Structures are given as structure tokens and as C-alpha cells.
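A.B. asks: here you go, sequence then predicted model.
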Amino acid sequence: MRRTCVFAIVVTACGQGGKSQEDKPRSVPVRPDDRVVEEPLTALPEVPTWIRDPPDVLRDKVTSVGGQLFVMRSKGPLTDYRTLLPIVEASPGVVAAEPFTLLEAEVTSASRDRVSLAIKAVDPTRVARVLRLESRMKSGSLESLGVDTPASIVLGDDLARFLGVEVGDLVTVKSPASLPPSYAPKAFRVSGTFHVGFDEYDARHGLVSVTTLQAMLGRSDVMGIEAAVDDIDRSEEIAAAIRAKLNGDYVVWDWFDANKALFTKVYGGRRH
């Protein structure tokens, strides 16, 4: 399985939203005077608007899709997540937790082909309590991810516009063309869209259910567990307590650890 580490997701946002040259929106000359007209609703700004956000505002954006605390194996996938999940969720300061997996893929629609996609697999019964995303939904709902006939996908709204799809439309997720096929292409029905105000999420991310992605890949493990905490200003302390409880067998990060490269680049490493 080709995986993307949690922290690597936000680092790519310092460029052009993680898009490859093949799928990056292009300006197309359409008049004799060589003026350029942008394809509507697809081009990302050279300097993203979130670069001007205060640290706490950007923190809330990256934790809306990325969680506030993460537990993973130092090497390899997490196979014992069903046993570990209640331990994490019962830890002081933790509000809720869920298993998750990240996967680099490509998505196609009736009007677009080979568009880069970062899939995040979540638990539809838990995700609303773990991620700060419900208030950022533009259409549909996170609960719709529980529908599996056909499987559902929730997309960033910029990605949905670039693909030319709305709720109810079908897209196909497949292995990147640069890699040997590792799983069969799978059709998903768009069941919602969200807008975070962070281009890496809005222009490149899609959410599916953990069980759907496991079936698609023929695997039973996940990448890790992510959690929401009752006081984000204490997330570092809560992570340290869980790390001590697990006796060093797991890597435990808070949201800042996961996004340290981004916050160092933008704010010199400040949390607040």
C-alpha cells in the first residue's frame, strides 16, 4: 500500500496544493491578443490565502481534517487498532478516537482524468466526534460515508469543481499511473463536499470509510488512530501521557508534531 505520513500532507501545501503537472489547472490563451483566461474555479493562487492566517486559525483548519492527536506504529501498519482504540479513547483528555488510513491515488470523472487524490479513510460512526469538519460541509454529510452501495466519497469542494461533479455523481479511484497497479479501480458516489480554506484539503482530499478502503486494498490494518482532545492547548501533555501508558511501543504525536514543518515554515515553529 502506498501511504502518506500525516505530517507530509500539510508540507506539500506550501507548493501548489500537491498537484502534479498532468492535473494542475492551466491558463489557456483563447483570443488573438494573447490574453489569458483561467479555467473557472480551478486555479490555485501562487500565494495561498491561509498564509496570512494567525497560528490558531491555521491550526483549526489543519485539525478539521487531520485530527488533534495521532497514535501509530513506528514501523509498518497498525494491526491491533481494535484493541488499542478503547485504550486511547479512555485516556484522560481524549474526547473521541477513530482508526484512519491515508493513501495516495488518482481519481477520474466523466470530464477529468488522472487527478491527484489523497484519500483519508475514517470511521463514519466516529468521524463527526473526532474531526472538526461538520460545520465546514458545503453539501451532504459525513454520516453519508456509511453508505456502501455504491461506496461513498466526500470531496474537497475545489476538487469536486475541478472534476465537474456534484453530490450523486460517480467518480473512479485508481492507482497512480506512475505505479504498477496495486488495486482495481473502484467507483464511488460523491455524497458530500467540504471547504476548509486550506488548499491541500479543499483541492486534493477525499474521505471514504475505513472498511471500504480495507476491502478495496484487501487488507485488514490501518495506518493509525487519531483523536480529538478536550483542550487543544494541552494536546502535547495528553500525547505524552498516552505515550508513557503505551510503554514506547507506539509513536504518539499531537497536531503540532504532525504539522511541525508547516508551522516552522510559516510561523517559525510557534504553536499559537
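C.D. replies: Thanks, I have the structure now. Numbers count the residues shown, from 1 in each chain.
A.B. asks: next up, the contacts around residue 213.
C.D. replies: Residues touching residue 213, when contacts are defined by Cβ atoms under 8 Å, 6 or more residues apart in numbering, comprise 101, 103, 119, 121. C-beta coordinates here come from the backbone N, C-alpha and C atoms, glycine included.
A.B. asks: for it, give its distance to residue 222.
C.D. replies: In this view, residue 213 and residue 222 are 9 Å apart by Cβ to Cβ, to the nearest Å.
A.B. asks: doesn't residue 63 make contact with residue 226?
C.D. replies: No - counting by Cβ atoms under 8 Å, residue 226 stays clear of residue 63, with 9.6 Å between them.
A.B. asks: the more surrounded of the two?
C.D. replies: More neighbours surround residue 226 than the other of residue 226 and residue 63, with 30 against 26 (other Cβ atoms under 10 Å).
A.B. asks: what about the helices in the stretch 1-150 of the chain?
C.D. replies: Read by DSSP state H, counting those that start in this stretch, the stretch 1-150 of the chain holds these helices, from start to end of the chain: 6-11, 55-66, 81-89, 127-130.
A.B. asks: let me see the mean pLDDT of the longest one.
C.D. replies: What that stands for is helix 55-66. Taken as a whole, helix 55-66 has a mean pLDDT of 91.
A.B. asks: packing partners of it?
C.D. replies: helix 6-11, helix 199-202, helix 255-258, helix 260-267 (3 or more Cβ pairs under 8 Å, 6 or more residues apart in numbering; DSSP states H and E).
A.B. asks: ok now do the closest residue to residue 79 other than its chain neighbours, which residues does it touch?
C.D. replies: The spatially closest residue to residue 79, leaving aside those adjacent along the chain, is residue 221, at 4.7 Å (Cβ to Cβ, 6 or more residues apart in numbering). Applying Cβ under 8 Å, 6+ apart, we find residue 221 in contact with 77, 78, 79, 81, 214.
A.B. asks: tell me which element the closest residue in space to residue 254 that isn't next to it in sequence falls in.
C.D. replies: Taking Cβ to Cβ, 6+ apart, and ignoring the residues beside it in sequence, residue 254 has residue 235 as its nearest neighbour in space, at 3.8 Å. Residue 235 is part of helix 235-245 when elements are defined by DSSP states H and E.
A.B. asks: where does the prediction get shaky in this protein?
C.D. replies: Counting by pLDDT under 70, the ranges of the chain that qualify are 1-47, 269-272.
A.B. asks: name the single longest strand found in it.
C.D. replies: Secondary structure assigned by DSSP state E gives strand 94-108 as the longest strand of the chain.
A.B. asks: partner strands of that strand, with direction?
C.D. replies: Sheet partners assigned to strand 94-108 using DSSP bridges are listed as strand 115-122 (antiparallel), strand 170-174 (antiparallel), strand 224-229 (antiparallel).
A.B. asks: and among those strands, the most buried is which?
C.D. replies: Neighbour counts averaged per stretch over the strands paired with strand 94-108 are highest for strand 224-229, at a mean of 26; criterion: mean count of other Cβ atoms under 10 Å.
A.B. asks: any chance of the helices of the stretch 1-150 of the chain in TSV, with distance to residue 254 too?
C.D. replies: Converted to TSV, those look like this (distance: least, Cβ to Cβ, whole Å):
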stretch	distance to residue 254
helix 6-11	11
helix 55-66	10
helix 81-89	13
helix 127-130	14
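A.B. asks: what's the closest of these to residue 265?
C.D. replies: Residue 265 lies closest, by Cβ to Cβ, to one member of those: helix 6-11, at 8.2 Å.
A.B. asks: residues near the nearest residue to residue 151 once chain neighbours are set aside, how many?
C.D. replies: If you skip the residues right next to it in sequence, residue 151 has residue 212 as its closest partner in space, 4.5 Å away by Cβ to Cβ, 6+ apart. When counting by other Cβ under 10 Å, one arrives at 23 neighbours for residue 212.
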